[in-house]
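> Mind looking at a prediction? Sequence and model below.
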Amino acid sequence: MTDLKTVYVNGVSPADLLVAAGDGIHLISNTDVNNTIWLSRTNAAIANKPDDATDLGPQSFVVVNGEEDVYAITTGPTVAVRIIGGGVGYFQSGITGQGFFANADGAFFYNGTPGPGRLIESITGSLASGSDPFGNTYTPGGTDLFSGGEVLLYSTASPQLRKLVVALAGQGGTDVVNNGWAPGVTVYGVNGSPVGMTMPTNAPNESSAPFVAAGVINPAGAAQLFNQMYSGRMSGAPDYVTVVLFSSGFNGPTGSQGNLNYIDTAAGSHSEALWGQGGIFIPLCNGIKAVKPGTADTTLTPEVWNVLPLASGWSNIVGQTVVQYRMLADGAVEWAGGATHTAWTGSIQLGASAIPAAYRPTNQQWIPGTIAASDASLTVNPSTGIVSASTGGVSLTQCRITGRMPLGI
């Protein structure tokens with residue numbers, strides 16, 4: 001009669017009998033995915049003592065001739081051992097090793113011996129439990145890479161110095177040929193070529209995708225840190241812009257600089273701005289404008305002229321600019337234009353309503369008229385925002401001004 005049974009082996013002495021002398025050929029299978037059992041001829045066997053016992057690893061099997069007693073013991077956890085009389089061959093569906101194992105949940109990889117805090121990577125199905133046998137948690141239904149693990153991609157078939165292209169790692173490290181990486185995602189250049197990250201949008205009319213490169217080695221051999229960013233290009237519009245950053249060493253100890261470039265449709269490069277130790281240089285500038293107050297956090301709308309509504313009794317001067325104001329890039333407010341009124345002496349209100357607080361000075365300021373003998377000065381009340389025209393002690397009929405009013409004094 002064929003002997004078919006399961007023996008539960010533990011770490012308690014005496015060892016458990018698996019096959020007795022004279023029973024004949026038997027197959028012994030360790031069904032556990034994590035733990036090793038130790039086989040011996042004596043029930044006084046001691047786990048991890050190779051001089052009188054031999055190990056049978058997780059999900060492994062062995063055939064014995066049954067001429068001698070065979071006992072088993074573990075280092076502690078109970079292990080289910082299958083005994084098949086007459087068995088000489090066996091297929092085990094699970095896979096295991098010194099630093100990994102597979103079971104119904106998926107495949108699990110460890111840093112050294114599997115245990116708490118040693119899980120590096122898990123590849124699991126959506127119905128997986130979410131916790132391995134050691135209490136390490138993972139996300140069911142995908143691949144998790146944990147701190148201490150890394151994925152390394154090379155431009156060559158085997159690791160070579162300066163051929164590492166991408167490193168994805170939870171911690172910094174160095175490979176066997178001395179390529180180093182930082183925690184997170186690191187992208188390298190190879191032999192001067194700007195290898196980096198491409199970020200396509202999958203738009204049907206995209207002819208080239210945005211691109212970011214860093215850590216490029218100078219093709220001439222001189223090491224330098226180099227960063228560049230390219231915008232994407234759409235079909236039919238082959239012009240694009242780039243940002244290029246050079247570290248010190250590009251052109252001497254104080255040669256660090258940045259460039260903002262425009263590449264035209266004929267592949268011509270135009271340097272729109274450069275910056276470095278000496279400041280910022282803009283070769284061609286069509287004007288620097290302030291952001292319209294109240295829009296900086298959302299729309300970044302450039303400032304334009306704001307017309308001042310006139311108070312009762314005032315009218316525009318025919319053929320001349322109306323009274324208006326705008327914010328300048330240096331934080332001052334520029335005023336221009338003119339208006340006319342019946343003769344008055346002293347100060348009267350010019351604007352029909354208060355101007356916004358962002359255009360008011362800290363203390364009351366004034367701008368003299370363009371023709372001192374006949375034009376009133378313009379003043380702004382810091383508290384109320386009321387704009388007035390002041391004649392001093394003479395009688396005038398017009399307020400014509402052109403000038404700037406500082407705000408912070």
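Perfect, I can see it now.

> Where does the prediction get shaky in the stretch 301-409 of the chain?
Applying pLDDT under 70 to the stretch 301-409 of the chain flags no residue at all.

> Distance from the chain centre to stretch 272-280, please.
27 Å (C-alpha atoms, centre = their mean, to the nearest Å).

> ugh, typo on my part, it should be stretch 276-283
With C-alpha atoms, centre = their mean, you get 29 Å for stretch 276-283.

> Only the buried residues of that stretch, if you could.
residue 276 (16 or more other C-beta atoms under 10 Å). The way it works is simple: take the backbone N, C-alpha and C, and place the C-beta from them, glycine included.

> can you pull the alpha-carbon coordinates of that stretch into CSV?
Provided in CSV are the C-alpha atoms of stretch 276-283 (Å, rounded to 0.1, in the frame of the first residue of the first chain):
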residue,chain,number,x,y,z
GLY,A,276,25.5,85.0,-14.7
GLN,A,277,27.9,86.6,-12.2
GLY,A,278,27.6,90.0,-14.0
GLY,A,279,23.8,90.1,-13.9
ILE,A,280,21.1,89.7,-16.6
PHE,A,281,21.7,90.7,-20.3
ILE,A,282,18.7,91.0,-22.7
PRO,A,283,20.0,91.6,-26.2
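
> pLDDT averaged over that stretch - what is it?
If you average the pLDDT over stretch 276-283, you get 76.

> same question, stretch 287-299
Stretch 287-299 comes out at a mean pLDDT of 76.

> Now do residue 43 against residue 17, distance only.
Counting by C-beta to C-beta, to the nearest Å, the gap from residue 43 to residue 17 is 7 Å.

> what residues do the two have in common as contacts?
Residues touching both residue 43 and residue 17 (C-beta atoms under 8 Å, 6 or more residues apart in numbering): 69, 71.

> domains in the chain, as residue ranges please.
As assigned by automatic domain parsing, the chain contains the domains 4-85, 100-145, 150-187, 196-281, 306-405.

> Among the ones you listed, which comes closest to residue 287?
domain 306-405 (8.9 Å; C-beta to C-beta).

> That closest one: how far from the chain's middle?
Using C-alpha atoms, centre = their mean, the offset of domain 306-405 from its chain centre is 51 Å.

> re earlier: any chance of the domains of the chain in CSV with distance to residue 289 as columns?
Converted to CSV, those look like this (distance: least, C-beta to C-beta, whole Å):
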stretch, distance to residue 289
domain 4-85, 69
domain 100-145, 48
domain 150-187, 37
domain 196-281, 16
domain 306-405, 6
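
> among the ones you listed, which is nearest residue 288?
domain 306-405 (4.7 Å).

> Straight-line length of the closest one, end to end?
One end of domain 306-405 sits 15 Å from the other (C-alpha to C-alpha, to the nearest Å).

> Repeat that for stretch 138-155.
End-to-end for stretch 138-155, by C-alpha to C-alpha: 31 Å.

> got the contact list for that stretch?
105, 109, 111, 119-132, 136, 159-160, 163-171, 173, 175, 179, 181, 190, 195.

> Please narrow these to those residing in strands.
Counting by DSSP state E, the contacts of stretch 138-155 place 109, 119-124, 164-169, 173, 181 in strands.

> and these, which are buried?
Members of the ones in strands among the contacts of stretch 138-155 classed as buried by 16+ other C-beta under 10 Å are 109, 119-124, 164-169, 181.
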